[in-house]
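A.B. asks: Sequence unavailable; structure follows:
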């Protein structure tokens, strides 16, 4: 389910979740987080923000008082789907019913970024850059294992501060 919509375009969203995850990110009050920290553990709010903004990153959680996100989060429900493995290995599925009656389904084969994911390094790099880390700071961090002194890393991060 890719794209960016207005809250009124979406009638209903159903997210399929692992039994272990449901207790953490779903349930009463999760659609109305009061703090950025609560929003990060709110499946309804995070899904609503993703559908409205097209992306979820660190900036997503700077303002949890967005009425359009809260309105849509109230229409995001979940369905617990039993799965024999850990939550990170369960396929993800999101079903959306639009106000005009059309439907869409978004799926992922499993969570990305785990220890068995060969693309984890690239995922971390993209997320870091998208969340404001500079290329110079990323270059320093990518060589972390090779660094003999922490001062090299600190110089790269200091350059990040000067640019920001």
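C.D. replies: Thanks, I have it. What you are looking at is a predicted structure, and each value in this text was computed from that prediction instead of being measured.
A.B. asks: quick one: least confident helix or strand in the chain?
C.D. replies: Every helix and strand of the chain was ranked by mean pLDDT, DSSP states H and E. The lowest is helix 150-163, at a mean of 69.
A.B. asks: Look at the most centrally placed residue in the chain and tell me its secondary structure.
C.D. replies: Nearest to the geometric centre of the chain sits residue 56, at 4.7 Å (CA atoms, centre = their mean). Three-state assignment for residue 56 (DSSP: H, G, I helix; E, B strand; the rest coil): coil.
A.B. asks: I'd like the distance between it and residue 13.
C.D. replies: From residue 56 across to residue 13, the span is 14 Å (CB to CB, to the nearest Å). Backbone N, C-alpha and C define where each C-beta goes, glycine included.
A.B. asks: now do residue 68
C.D. replies: Note on residue 68: its distance to residue 13, by CB to CB, is 14 Å.
A.B. asks: Pick out whichever of the two has more residues nearby.
C.D. replies: Each of residue 68 and residue 13 has its neighbours counted (other CB atoms under 10 Å); residue 13 has more, 23 against 14.
A.B. asks: Could you double-check that that one lies in contact with residue 46?
C.D. replies: No - look at residue 13 against residue 46 with CB atoms under 8 Å: they stay out of range, at 11.3 Å.
A.B. asks: Distance check, the most far-flung residue of the chain relative to its centre against residue 64.
C.D. replies: Farthest-out residue of the chain from its mean C-alpha position, per CA atoms, centre = their mean: residue 148, at 34.2 Å. Computed with CB to CB, the distance linking residue 148 and residue 64 is 43 Å.
A.B. asks: Then residue 58?
C.D. replies: 13 Å.
A.B. asks: the more surrounded of those two?
C.D. replies: Neighbour totals were compared for residue 58 and residue 64, and residue 64 leads with 20 against 13 (other CB under 10 Å).
A.B. asks: That one contacts residue 39, correct?
C.D. replies: Yes - using CB under 8 Å, residue 64 is in contact with residue 39, at 4.6 Å.
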